[in-house]
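Undergrad: Dropping a prediction and its sequence here:
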Amino acid sequence: MKTASRLEASIQEVMLGQSETIRRVLATMVAGGHVLLEDSPGTGKTTLAKAIAGSIGETEFQRIQFTPDLLPSDILGVSVLDPRTSTFDFHRGPIFTDILLADEINRASPRTQSALLEAMAEGQATIEGTRYDLGDLFFVIATQNPVELRGTYPLPEAQMDRFSLKRSLGYVSIEDELSILEAQSQRHPLESLAPVVSREEVTHLCEAVKQVRITRDLQEYIVRIVAQTREIPEVKLAASPRASLGLLRISQALTLFQGAEFVVPKTIQALAPDVVAHRLVLEADAAYAGRSGRDVVAEVIETLEVPV
């Protein structure tokens, strides 16, 4: 679709050398999911989030810088006493937006991290007994530094399961890094970024994802990939049905961005590590041996029969 192409091209002008990551993040957004980007400082995680927000018109963007002293009320909002009326007025927090950048989310305590759970799962926030709807385009793109760095807290398993896709940007090639230097010699490309699609066009794109066709055999293939993680002894906590649904929706969305009409096994196989692996918790022995969730998912894909 032209809308998908324009949106993708706009962000690629800002984020050089990250075309595959851009496409997968956008696919997750239009599939109704949320993204976790993990990598070292300076690799462009925050820039990507700002580029997405700047490329879509008529949307609100908020950024929360997570720190150890951040409180849940700093995210959700707080009621303040109005001395003139002797009543409490609710002041909305930054979660009331369309695109939310949760920057360095693992620098806040688990209690504060969990303030996002209901919002990410249901698109709403319940505060002091009142439910608030967050709109049809609510999208969280969170960034975190590797847990080995100082001052970080690991995300709770329930929080990790709310992220539909986890991706690492990695370092760009020497040629792309040189292009970045040239592009930012005068000013940052974000400063001249203008919206290329409207909010309504993105909403239509979200609806178009549901029309991408996927056969019954491929749906079963997705379920078998996720279910197989529950049969591996070294996996302490396996993937839930939420992983199956996420893999289905993002596969449809990525197919749409690729300009195709039918989901193929190759798309599912390529996405599975990003969608499933971060939800797995391995036994201590496997983790100490250097095994990761991505290793497990890769082996599952290798062993399962692929539908023809």
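TA: On my side now, so go ahead.
Undergrad: contacting residues around Asn106?
TA: Phe66, Gln113, Gln144, Asn145, Val147, Thr152, Tyr153, Pro154, Leu155 (C-beta atoms under 8 Å, 6 or more residues apart in numbering). In short, each C-beta sits where N, CA and C put it, glycine included.
Undergrad: Pretty sure the last one sits against Thr112.
TA: No - with contact defined as C-beta atoms under 8 Å, Leu155 does not reach Thr112; the gap is 11.3 Å.
Undergrad: now the strands for the stretch 1-150 of the chain?
TA: 35-38, 61-65, 77-82, 87-92, 99-103, 124-127, 130-133, 139-144 (DSSP state E, counting those that start in this stretch).
Undergrad: Looking at these, which is nearest to Ala208?
TA: strand 139-144 (16.6 Å; C-beta to C-beta).
Undergrad: In the sheet, which strands lie alongside the closest one, parallel or antiparallel?
TA: strand 35-38 (parallel), strand 99-103 (parallel) (DSSP bridges).
Undergrad: and the angle for it with strand 61-65?
TA: 30 degrees (axes from the mean of the first three to the mean of the last three C-alpha atoms, to 10 degrees).
Undergrad: Next up, the contacts around the nearest residue to Leu76 once chain neighbours are set aside.
TA: Using C-beta to C-beta, 6 or more residues apart in numbering and skipping residues adjacent in sequence, the residue nearest Leu76 is Gly93, 4.8 Å away. Contacts for Gly93 (C-beta under 8 Å, 6+ apart) come out as Ser73, Asp74, Ile75, Leu76, Gly77, Val78.
Undergrad: per-residue confidence at Gly93?
TA: We have a pLDDT of 94 for Gly93.
Undergrad: And for Met1?
TA: Per-residue pLDDT puts Met1 at 68.
Undergrad: rewinding a little: any idea how far the residue nearest to Leu76 is from Pro72?
TA: The gap separating Gly93 from Pro72 is 9 Å, by C-beta to C-beta, to the nearest Å.
Undergrad: Now do the same contact list for Glu104.
TA: Counted by C-beta under 8 Å, 6+ apart, Glu104 has contacts Gln65, Phe66, Thr67, Thr143, Gln144, Asn145.
Undergrad: ok, of the residues you listed, which come out buried?
TA: Phe66, Thr143, Gln144, Asn145 (16 or more other C-beta atoms under 10 Å).
Undergrad: contacting residues around stretch 179-189?
TA: With C-beta under 8 Å, 6+ apart, stretch 179-189 has contacts from Glu13, Val14, Leu16, Gly17, Val172.
Undergrad: okay, how far is it across that stretch, tip to tip?
TA: For stretch 179-189, the first and last residues are 12 Å from each other (C-alpha to C-alpha, to the nearest Å).
Undergrad: Also stretch 281-295?
TA: 12 Å.
Undergrad: just stretch 160-167 next, same as before
TA: Stretch 160-167: ends 12 Å apart by C-alpha to C-alpha.
Undergrad: Pull the distance from that stretch to the chain's centre.
TA: The chain centroid and the centroid of stretch 160-167 are separated by 6 Å under C-alpha atoms, centre = their mean, to the nearest Å.
Undergrad: cool, stretch 133-153 as well?
TA: Per C-alpha atoms, centre = their mean, the centroid offset for stretch 133-153 relative to its chain is 8 Å.
Undergrad: now swap in stretch 269-278 and tell me
TA: So, by C-alpha atoms, centre = their mean, the centroid of stretch 269-278 is 13 Å from its chain's centroid.
Undergrad: follow-up on the earlier one: pick the most deeply packed of the strands of the stretch 1-150 of the chain.
TA: strand 139-144 (a mean of 25; mean count of other C-beta atoms under 10 Å).
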